[in-house]
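> Sequence below, structure please.
(2 chains)
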Amino acid sequence: MNRFKSLLNQFKNIQVIDCQSIDLLPQPLFPSSEIQSTIIRFSHWTQNQMLEVAASGRFQVFLNTNGQLADSELFSSLHIQSNPKEFLLSDPIPFWFQNDPTKLVLSFRKKSEKFELMRHFEPFLEQTESRLVQENARLLFQELFMNAAIDAPREAKKHGIAVDGQKESQMIFAYDHEKFVLSCFDPYGALDPQAVVVRIHQILSKENINILNFDRKKGGAGIGSSLLFRYSSTLSLVVEEGKGTRVSCTIPLKIGQKKFDLLEKNLQFIKIPPQGELYEKQRNA
Amino acid sequence: MKNNVMLKNEGDKVVVKLLGVLDEEVTFAAYSLNGAPNIVFDFSDVKGINSCGIREWIRWIGPHSKVAMVYKNCPKIIVDQINMVDGFLPSNGFVESFYVPYYSNETDEEKHILFSYGQEFSENGIHYPTQVLDSKNNPMDIDVIESKYFRFLQKGLNKKVS
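Prediction:
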């Protein structure tokens, strides 16, 4: 408990609320110069309850208190919430790992580079010696790459964000003794994280996924985001429009499939506001 | 064109072997299933799938609702989609064999055991293997939430068509 309090004291601008019952969820505090953001630490919520609250937009960070990575996920989230711009645009590895992990960083510009990335990714992945991590990470890699190489530039053009063939996207893979992290950065910042969470909730609240975007000739089937959520224990989306999007997924090591399926998932999504907007709303409130 | 599909005629059936990762580059449409009275899909060499691959799969097999389809050697990633995605296993489809994860708490080893129709499962339910052992001869536990993983069997989605 002392270690926990000591950790929270370092991040006084982040409000952490423990919420064992969804009925006790408070109203969100508006971001101010004192409170930058709020983390909800939950236990014994259903997945649907968590997604429903997330989709409402009332809160953006949900961490379960029960998982084997609970402490390290809290540590990561506090750092990310305190410095989202640095997490997005600089080296994100120190935000997840307190010691040096084993890592692989791959840059790319075009979807035709996928095979080359996989040629490096596969042997790196096999070092983990965990079948669950390997199978989940392969799927996550596929979705993350497709999002960055195909969906992101397409969405950027729709939103009038310049698509420069020279800008690089980047995939980062890293692991230590307790977790494996995949993170993909694209230089466009066209993702709407709230819309992604709403979509995940829509899809996973049904018994079966109906592929609603079935008639789309291009792009994914609309279920990609739900696959990212399903095959990771933590999904993190950080976006600054026009600057970049970072989508990150964590998979715990040394865990069987059953325990993984029983995990309460963590979710955080941040849209970094334009300069000054954070306090403008407070002044007008 | 990415070569993920191998078709072979064997008597009254077409055997389709899927290979590698079924992703946005796979072109199922280039392979015609027209005229095949029975189709067997072998997933033993499928390494992965993404949301585009899922969509293209459903689009490819969807028009053949009158053809008996058998899925065999389904890895976990395919079983997940069968359970999660409407139409991934169509109403005229039948899973003949699929892999089930087992885990050893003693050694952290993972094994995937093939469950086959008529042996480990049938219309009467699931007949678990007597013992699955790790490399140190410790018994391994089935490593899935059975109500979820075997959902496609329990909900009557898996109907053998003779």
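> Look at the closest residue to A:Leu51 other than its chain neighbours and tell me its secondary structure.
Of all residues not flanking A:Leu51 in the chain, A:His201 sits nearest, at 4.0 Å (C-beta to C-beta, 6 or more residues apart in numbering or on different chains). (Glycine included, C-beta is placed from N, CA and C.) The three-state label given to A:His201 by DSSP: H, G, I helix; E, B strand; the rest coil is helix.
> Touching, A:His201 and A:Glu52? I think so.
Yes. Contact between A:His201 and A:Glu52 holds when scored by C-beta atoms under 8 Å: they sit 6.2 Å apart.
> pretty sure B:Leu18 contacts B:Val5?
Yes. With contact defined as C-beta under 8 Å, B:Leu18 and B:Val5 form a contacting pair (6.2 Å).
> Which one of the two is surrounded by more residues?
B:Leu18 (24 against 19; other C-beta atoms under 10 Å in any protein chain shown).
> where along chain B do the helices fall?
B:51-61, B:76-84, B:146-149, B:151-154 (DSSP state H).
> Tell me how far the longest one lies from the chain's centre.
Its chain's C-alpha centre and that of helix B:51-61 lie 14 Å apart, by C-alpha atoms, centre = their mean, to the nearest Å.
> Show me what that helix is packed up against.
helix A:131-146, strand B:13-22 (3 or more C-beta pairs under 8 Å, 6 or more residues apart in numbering or on different chains; DSSP states H and E).
> cutoff 10 Å now
helix A:131-146, helix A:224-230, strand B:13-22, strand B:38-49, helix B:76-84 (3 or more C-beta pairs under 10 Å, 6 or more residues apart in numbering or on different chains; DSSP states H and E).
> Low-confidence stretches in the chain?
Chain wasn't specified; assuming chain A. Scanning chain A for pLDDT under 70 picks out A:1-4, A:29-33, A:207-222, A:275-285.
> was after chain B, sorry
In chain B, residues with pLDDT under 70: B:1-2, B:155-157, B:161-162.
> ok, A:Leu168 - contacts?
Quick fix: residue A:168 is Glu, not Leu. Neighbour list for A:Glu168: A:Ser107, A:Phe108, A:Arg109, A:Phe185, A:Asp186, A:Pro187 [criterion: C-beta atoms under 10 Å, 6 or more residues apart in numbering or on different chains].
> Narrow those to just the buried residues.
A:Phe108, A:Phe185, A:Asp186, A:Pro187 (16 or more other C-beta atoms under 10 Å in any protein chain shown).
> how far does the helix or strand where the second one lies sit from the chain's center?
For A:Phe185, the host element (DSSP states H and E) is strand A:179-186. Offset of strand A:179-186 from its chain centre (C-alpha atoms, centre = their mean): 9 Å.
> How about that strand and chain B, any contact?
No. Strand A:179-186 does not reach chain B (C-beta under 10 Å from any C-beta of the partner chain); its nearest approach is 13.3 Å.
> Hey, what's the angle from that strand to helix A:131-146? Just curious.
10 degrees (axes from the mean of the first three to the mean of the last three C-alpha atoms, to 10 degrees).
> so what strands line up beside strand A:179-186?
As defined by DSSP bridges, the strand partners of strand A:179-186 come to strand A:169-175 (antiparallel), strand A:244-252 (antiparallel).
> now the shortest one: how far from the chain's centre is it?
In other words, strand A:169-175. That offset, for strand A:169-175, works out to 13 Å (C-alpha atoms, centre = their mean).
> Likewise for the last one?
Its chain's average C-alpha position is 4 Å from that of strand A:244-252, according to C-alpha atoms, centre = their mean.
> Can you name the secondary structure element that comes next after that strand?
Per DSSP H and E, the first helix or strand lying C-terminal to strand A:244-252 is helix A:257-262.
> I'd like the next helix or strand past that following helix.
Taking DSSP H and E, what comes next after helix A:257-262 is strand A:266-271.
> Show me what that following strand is packed up against.
Strand A:266-271 packs on strand A:37-42, helix A:47-56, strand A:61-64, helix A:70-82, helix A:84-89, helix A:193-204, strand A:234-240, strand A:244-252, going by 3+ C-beta pairs under 10 Å, 6+ apart.
> Look up the closest residue to A:Gln142, ignoring the ones flanking it.
B:Asn50 (3.7 Å).
> meant to ask about A:Lys158
Closest residue in space to A:Lys158, ignoring its immediate chain neighbours: A:Ala190 at 7.5 Å, by C-beta to C-beta, 6+ apart.
> The one you found: neighbouring residues, count only.
A:Ala190 has 23 nearby residues by other C-beta under 10 Å.
> if I look at it, how far off is B:Phe115?
44 Å (C-beta to C-beta, to the nearest Å).
> for A:Phe269, same thing?
In terms of C-beta to C-beta, A:Phe269 sits 38 Å off from B:Phe115.
> ok, the closest residue to A:Asp164 other than its chain neighbours - contacts?
Counting by C-beta to C-beta, 6+ apart, A:Pro187 is the residue found nearest to A:Asp164 once chain neighbours are left out, at 7.7 Å. Contact partners of A:Pro187, counting by C-beta under 10 Å, 6+ apart, are A:89, A:109, A:148, A:152-153, A:156, A:161-164, A:166-170, A:242-245.
> ok, 8 Å please
A:Asp164, A:Lys167, A:Glu168, A:Ser169, A:Lys243, A:Gly244 (C-beta atoms under 8 Å, 6 or more residues apart in numbering or on different chains).
> For the fourth one, name its beta-bridge partners.
Taking DSSP bridges, one finds A:Phe108 as the beta-bridge partners of A:Ser169.
> Quick check, it in contact with A:Val105.
No. Applying C-beta under 8 Å as the test, A:Ser169 and A:Val105 come out as separate, 11.6 Å apart.
> More neighbours: which of the two?
Neighbour count, other C-beta under 10 Å: between A:Ser169 and A:Val105, A:Ser169 has more, with 24 against 13.
> Now do that one against chain B, distance only.
Here the criterion is C-beta to the nearest C-beta, to the nearest Å. By it, A:Ser169 lies 16 Å from chain B.
> Which strand residues bridge the residue most central in space within chain B?
The centroid of chain B falls nearest to B:Cys74 when counting by C-alpha atoms, centre = their mean (2.7 Å). Taking DSSP bridges as the rule, B:Cys74 bridges to B:Phe98.
> OK, contacts around residue 133?
Just so you know, I chose chain A. Counting by C-beta under 8 Å, 6+ apart, A:Val133 has contacts A:Leu125, A:Tyr175, A:Phe180, A:Ile251, A:Leu253.
> that's the wrong chain, I meant chain B
So B:Leu133 contacts B:Pro139, B:Met140 (C-beta under 8 Å, 6+ apart).
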